[in-house]
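A.B. asks: structure for this input, please:
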Amino acid sequence: MSLPVTPIASGHEGNLKDQFNAYILRLKSGEMGSLPAIGATLVLTAIFASLSPFFLSKLNFANMFVQAAELTMLSAALVFVLLLGEIDLAAGVTAGVAMAAFIVLVKAGVPWVLALLVGFAVGLLIGWVIGFFVAKIGVPSFVVTLAFFLGFQGMQLVLLGEGGVYRVEIPEVIAIMNNNLPTWAGYLMIAITAAVSLGIALWDRARRAGSGLVNRPISITWIKISAIAVLGGLAIYVLNLNRSQGPVPIEGVPIVVPITIAILFIGTFVLDRTRFGRHLYAVGGNPEASRRAGIKVAKIRTLAFVICAFLAVISGVFHSSRIGSVDGSAGHTIVLSGVAAAVVGGVSLFGGRGRLAHAAIGAVVITMIDNGLGLLGLSAGINFLVEGGVLLLAATIDALARKRSGGSLTRA
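C.D. replies: Model (predicted):
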């Protein structure tokens, strides 16, 4: 349930006490956002750090950034369809088929950039076809994407042949997940991130003031920017330390980090500050009311699946870069972890509520579980059990929050 915003004199601001009280009211009404996931991150850090001395090492700290990137991108992709109360079980294999088309073209002598563009085109086409069946024909997204999930596993094998594995020997692609930025570039990245965040915040304030709407206290903006600068700077400092266990130094921010941050920034801007984003939340909250308000519901649904497929292909690029190959089993299981990450981070399964940042935080939680249990030498079975339990807990919290807020599906 969103709190009403009352138009008042232009430029007037609420105070910190009012903002805090409003936040408490949102928590009481069930809109917890990513707060449970943040709490889980702190708890997991304390547990794994106490059980494994390697968990907080410089090398593992950098490894978790790389490990989380692929899952973060896939969970961000799924946010666009989850906001509609839909699901895309085929997102992982969509990435797999796109990367299979990419590597087959590369092996046939096509320039890798052109081949990659074709791979993205394949992903976009798949997203459009899924969206067509869901939005135009009316087939439930679960059924459509399950059918594509099953069918595309066969298509991957057809494209890749009996061997089913091709090595990726393109330095530019391999570098995404395996190389690092110069040490100075990490601090530049944080400076740009803080500057862009500040610019967007000031633009929002000017826009709201011009419309006669209340603004949050400017101090909140400075607190957020300071948090980005301090926490980001601290992370960059640690990543810039030599984490090599051999004679060759390894230092700097992994290249995949700024790529992921940039995509999350763009996606967040689209969801929060464009007509498409507003319409997406509206359709997810109440499709019939949105239709009566003149929103082209079918178009919004189709575009959501197209965007999901596009971001899923990016996650496929990350995967191929990390393991250095394209194989016939790519994307078969990660989509379930992607759904888990989004829901654990605070994206509602019922539609209309959630943000890309929530999915990113959820991806960090799932990655920490996978990483921490691996360091403890526990079996993959235990990993699946823990992730399943965390997902069930998050879904239960979401359902209870929705019930407490009276079924409201407004954005958190």
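A.B. asks: SS state for Arg208?
C.D. replies: Under DSSP: H, G, I helix; E, B strand; the rest coil, the three-state class of Arg208 is helix.
A.B. asks: quick check, central residue of the chain?
C.D. replies: For the chain, the residue nearest the mean C-alpha position is Ala76 (2.6 Å; C-alpha atoms, centre = their mean).
A.B. asks: and whichever strand or helix holds that residue, how far out from the chain's middle?
C.D. replies: Counting by DSSP states H and E, the element that carries Ala76 is helix 58-82. Taking the mean of its C-alpha atoms, helix 58-82 sits 7 Å from the chain's own mean (C-alpha atoms, centre = their mean, to the nearest Å).
A.B. asks: what comes up buried for that helix?
C.D. replies: Applying a neighbour-count criterion of 16 or more other C-beta atoms under 10 Å, the buried positions in helix 58-82 are 58, 60, 62, 64-82. C-betas here are computed from N, CA, C, even on glycine.
A.B. asks: please determine how far Gly232 is located from Met189.
C.D. replies: Distance, Gly232 to Met189, by C-beta to C-beta, to the nearest Å: 8 Å.
A.B. asks: try Ala282
C.D. replies: Using C-beta to C-beta, one obtains 34 Å as the distance from Ala282 to Met189.
A.B. asks: please enumerate the strands of this protein.
C.D. replies: Remark: strands assigned in the chain by DSSP state E are 165-167, 325-327.
A.B. asks: quickly compare those and say which is most buried.
C.D. replies: Stretch with highest mean neighbour count among the strands of the chain: strand 325-327 (a mean of 21; mean count of other C-beta atoms under 10 Å).
A.B. asks: averaged pLDDT, stretch 346-357. What do you get?
C.D. replies: Stretch 346-357 carries an average pLDDT of 85.
A.B. asks: do the same with stretch 39-48
C.D. replies: Per-residue pLDDT over stretch 39-48 has a mean of 88.
A.B. asks: where's that stretch relative to the chain centroid, distance-wise?
C.D. replies: The gap between where stretch 39-48 is centred and where its chain is centred comes out at 20 Å by C-alpha atoms, centre = their mean.
A.B. asks: quick one: contacts for the spatially closest residue to Phe132 that is not a sequence neighbour?
C.D. replies: Of all residues beyond its chain neighbours, the one nearest Phe132 is Thr302 (6.4 Å), with distances taken as C-beta to C-beta, 6 or more residues apart in numbering. Remark: with contacts taken as C-beta atoms under 8 Å, 6 or more residues apart in numbering, Thr302 is in contact with Trp128, Gly131, Phe132, Val134, Ala135, Lys136.
A.B. asks: walk me through the domains of the chain.
C.D. replies: Per the record's domain assignment (automatic domain parsing), the chain is made up of the domains 41-176+254-404, 180-253.
A.B. asks: measure the shortest one end to end?
C.D. replies: From its first residue to its last, domain 180-253 covers 5 Å (C-alpha to C-alpha, to the nearest Å).
A.B. asks: burial of Ile259, as a residue count?
C.D. replies: Here the number of neighbours of Ile259 (other C-beta atoms under 10 Å) works out to 17.
A.B. asks: on that earlier part again, quick check, pLDDT for the residue nearest to Phe132.
C.D. replies: Thr302 is assigned a pLDDT of 95 by the prediction.
A.B. asks: same check on Asp370?
C.D. replies: We have a pLDDT of 89 for Asp370.
A.B. asks: and it, how many neighbours does it have?
C.D. replies: What Asp370 shows, counting by other C-beta under 10 Å, is a neighbour count of 20.
A.B. asks: go on, Arg216?
C.D. replies: By the measure other C-beta under 10 Å, the count of residues near Arg216 is 18.
A.B. asks: for the strands of the chain, give me TSV that also has mean pLDDT and distance to Ile334.
C.D. replies: Supplementary listing: those in TSV, determined by pLDDT from 0 to 100; distance: least, C-beta to C-beta, whole Å:
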stretch	mean pLDDT	distance to Ile334
strand 165-167	86	17
strand 325-327	87	13
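A.B. asks: among the ones you listed, which is nearest Arg243?
C.D. replies: In this view, these are compared for proximity to Arg243 by C-beta to C-beta, and strand 325-327 is the closest at 24.9 Å.
A.B. asks: quick one: strands adjacent to the closest one?
C.D. replies: Next to strand 325-327 in the sheet, as set by DSSP bridges, lie strand 165-167 (antiparallel).
A.B. asks: contact partners of the partner strand?
C.D. replies: Applying C-beta under 8 Å, 6+ apart, the external contacts of strand 165-167 come out as Ile103, Val104, Lys107, Leu160, Gly324, Ser325, Val326, Asp327, Gly328.
A.B. asks: can you list those in a markdown table and add distance to Gly352?
C.D. replies: Listed next are the contacts of strand 165-167 as a markdown table, based on distance: C-beta to C-beta, whole Å:
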| residue | distance to Gly352 |
| --- | --- |
| Ile103 | 38 |
| Val104 | 40 |
| Lys107 | 44 |
| Leu160 | 39 |
| Gly324 | 40 |
| Ser325 | 39 |
| Val326 | 36 |
| Asp327 | 37 |
| Gly328 | 37 |
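A.B. asks: what are the phi and psi values for Pro53?
C.D. replies: phi -70, psi -20 (degrees, to the nearest 10).
A.B. asks: how near is it to Ser244?
C.D. replies: Counting by C-beta to C-beta, the separation of Pro53 from Ser244 is 18 Å.
A.B. asks: again with Leu59
C.D. replies: 8 Å.
A.B. asks: now do the shared contacts for the two.
C.D. replies: Shared between the contact lists of Leu59 and Ser244 (criterion: C-beta under 8 Å, 6+ apart) are residues Ile250.
A.B. asks: what segments of the stretch 251-400 of the chain are helices?
C.D. replies: Ranges of helices in the stretch 251-400 of the chain, per DSSP state H, counting those that start in this stretch, are 256-273, 275-285, 287-292, 297-323, 334-345, 356-375, 380-404.
A.B. asks: possible to save those as CSV with distance to Arg207?
C.D. replies: Formatted as CSV, the helices of the stretch 251-400 of the chain follow (distance: least, C-beta to C-beta, whole Å):
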stretch, distance to Arg207
helix 256-273, 9
helix 275-285, 14
helix 287-292, 23
helix 297-323, 23
helix 334-345, 28
helix 356-375, 21
helix 380-404, 30
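A.B. asks: and these, which is most packed in?
C.D. replies: helix 334-345 (a mean of 27).
A.B. asks: what does that one contact?
C.D. replies: Under the criterion C-beta under 8 Å, 6+ apart, residues 34, 36-37, 40, 70-72, 74-75, 77-79, 82, 87-93, 149, 315, 319, 349, 354, 357-363, 365-366, 387, 390-391, 394-395, 398 lie in contact with helix 334-345.
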